[in-house]
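Q: All I have is the shape, not the residue letters:
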Ligand code: ATR
């Protein structure tokens, strides 16, 4: 991957060095001093912002948790997870490159994790290892709540058909949009996603189509989501400028200290642009809810992270 002047990090990966934030997980301690243990497992993982985010959630909710980084060797994900469980760990967030391993390890899967084919949240219960995927939920919540853009009845264009795109299709369909068009450089992969999710789209009353850029329909979309890895290389995916209008929200699932090339291009076309930092926070909030049954407020934590990202020397 080439170095660029505008480094970006995928919200779904949470592994970049775009911002230097504290990784110390401070949480409220119970009267006995006992705190439930959680961690983010990945390789690399030291730059993950999840410990910072979950420490803020613990402060906010008063939940007695401790949340740390867990570095696992590439070929030893399962023994590291089992050792964490045996030491009393209650749950894990899973980041690159282990989301498929976590999917294979889970003994039960949520429907959205099964549809995504990847797991970013593990919960350890008496009856086994539960796998979930909160990435798509985090994206939908960021768009609808933080960015005040309804998805119900919306025309959505999804750019990309890799793991990141696949993980968000079902949560998007669950919001009952009018149209979901999936476009990818390799058109067959977009068509395969359309086939995979055609029944779910039918159930949601959504028109689902896709393929190459020629599948983009005339007229501005309400929401255009960039789920390609293009922003990592400051590359623009193929699309039609006509898809963007003044009422369009252009959402890049990547984030960085500065707007991505996709965001900049969308802005020149008159669209409103957002990056994936809110998705990162909201997927974490949903993981916290899965573990603790309490939903933290993502907005203040997002504001704190945004400030840290904008601080001189953060990029
Ligand atoms: P991820 O899990 O992050 O989605 P991936 O599965 O490797 O990673 O998928 C990367 C996505 O970004 C794919 O949709 C890829 O397009 P192809 O399927 O044609 O490879 C897309 N992508 C990567 N670089 C791109 C670029 N420069 N322009 C357009 N699309 C790009």
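A: Perfect, thanks for sending it. Everything quoted here is computed from the prediction, not taken from an experiment. Numbers count the residues shown, from 1 in each chain.
Q: rest of the way, CA atoms for contacts and neighbours
A: Will do.
Q: ok, now which ones touch residue 276?
A: Contact partners of residue 276, counting by Cα atoms under 8 Å, 6 or more residues apart in numbering, are 10-11, 139, 251-255.
Q: distance of residue 113 from residue 99?
A: For residue 113, the distance to residue 99 equals 10 Å [Cα to Cα, to the nearest Å].
Q: I meant to write residue 164 there.
A: 11 Å.
Q: so residue 92 sits in a helix?
A: No. Counting by DSSP: H, G, I helix; E, B strand; the rest coil, residue 92 is not part of a helix but strand.
Q: List the residues that contact the residue in the stretch 201-315 of the chain that the ligand sits nearest to.
A: Sorted by distance to the ligand under Cα to the nearest ligand atom, the residues of the stretch 201-315 of the chain start with residue 228, at 3.3 Å. Counting by Cα under 8 Å, 6+ apart, residue 228 makes contact with 159-162, 164-165, 237.
Q: what about the helix or strand hosting residue 131, average pLDDT?
A: According to DSSP states H and E, residue 131 maps onto strand 128-132. The average pLDDT within strand 128-132 is 98.
Q: re the thing from before, out of the contacts of residue 276, which are inside strands?
A: Secondary structure from DSSP state E places 10, 251-252, 254-255 of the contacts of residue 276 in strands.
Q: looking at those residues, which has the most residues close by?
A: residue 254 (30 neighbours; other Cα atoms under 10 Å).
Q: Find the nearest non-adjacent residue to that one, please.
A: residue 10 (4.0 Å; Cα to Cα, 6 or more residues apart in numbering).
Q: how far off strand 128-132 does the longest helix seen in the chain point, in degrees?
A: The residue-count maximum for a helix in the chain (DSSP state H) belongs to helix 277-292. Orientation check (axes from the mean of the first three to the mean of the last three Cα atoms, to 10 degrees): helix 277-292 against strand 128-132 gives 160 degrees.
Q: contacts for helix 277-292?
A: Outside helix 277-292, the residues that reach it (Cα under 8 Å, 6+ apart) are 11-12, 14, 50, 53-54, 57, 63, 90-91, 93, 121, 123, 134-142, 146, 253-255, 294-298, 301-302, 306.
Q: Show me which parts of that helix are buried, residue by residue.
A: Within helix 277-292, the residues that count as buried by 16 or more other Cα atoms under 10 Å are 277-288, 290-291.
Q: Ok, stretch 214-226 next?
A: 215-217, 220-226.
Q: does it come close to the ligand?
A: No. Stretch 214-226 lies apart from the ligand when judged by Cα under 6 Å from any ligand atom; the minimum separation is 8.8 Å.
Q: contacting residues around that stretch?
A: In contact with stretch 214-226 (Cα under 8 Å, 6+ apart) are residues 154-160, 181, 183, 209-210, 237, 239-240, 242-245, 247-253, 262.
Q: Endpoints of it, how far apart?
A: 17 Å.
Q: about what we covered before: which residues are in contact with each of residue 113 and residue 99?
A: Taking Cα under 8 Å, 6+ apart as the criterion, residue 113 and residue 99 both touch residue 119.
Q: wait, what's in contact with residue 273?
A: Residue 273 is in contact with 249-252, 263-264, 266-267, counting by Cα under 8 Å, 6+ apart.
Q: Can stretch 175-193 be said to contact the ligand?
A: Yes. On the criterion Cα under 6 Å from any ligand atom, stretch 175-193 is in touch with the ligand at 184-186.
Q: which among the residues you listed end up buried?
A: The buried subset of the residues of stretch 175-193 next to the ligand - by 16+ other Cα under 10 Å - is 184-185.
Q: Please tell me how far the residue of the stretch 201-315 of the chain closest to the ligand sits from residue 184.
A: 8 Å.
Q: Overlap of the contact sets of the two?
A: 159-161.
Q: Show the buried residues in those residues.
A: 159-161.
Q: Around the ligand, pick out the residues from this structure.
A: Residues of the chain lying near the ligand (Cα under 6 Å from any ligand atom): 160-165, 184-186, 228-230, 235-237.
Q: ok, the contacts of residue 228 vs residue 107, which is closest?
A: Using Cα to Cα, residue 164 is the member of those that sits closest to residue 107, with 22.7 Å.
Q: contacting residues for the closest one?
A: 12, 227-228.
Q: Equivalent analysis for residue 295, please.
A: Residues near residue 295 by Cα under 8 Å, 6+ apart: 285-286, 288-289.
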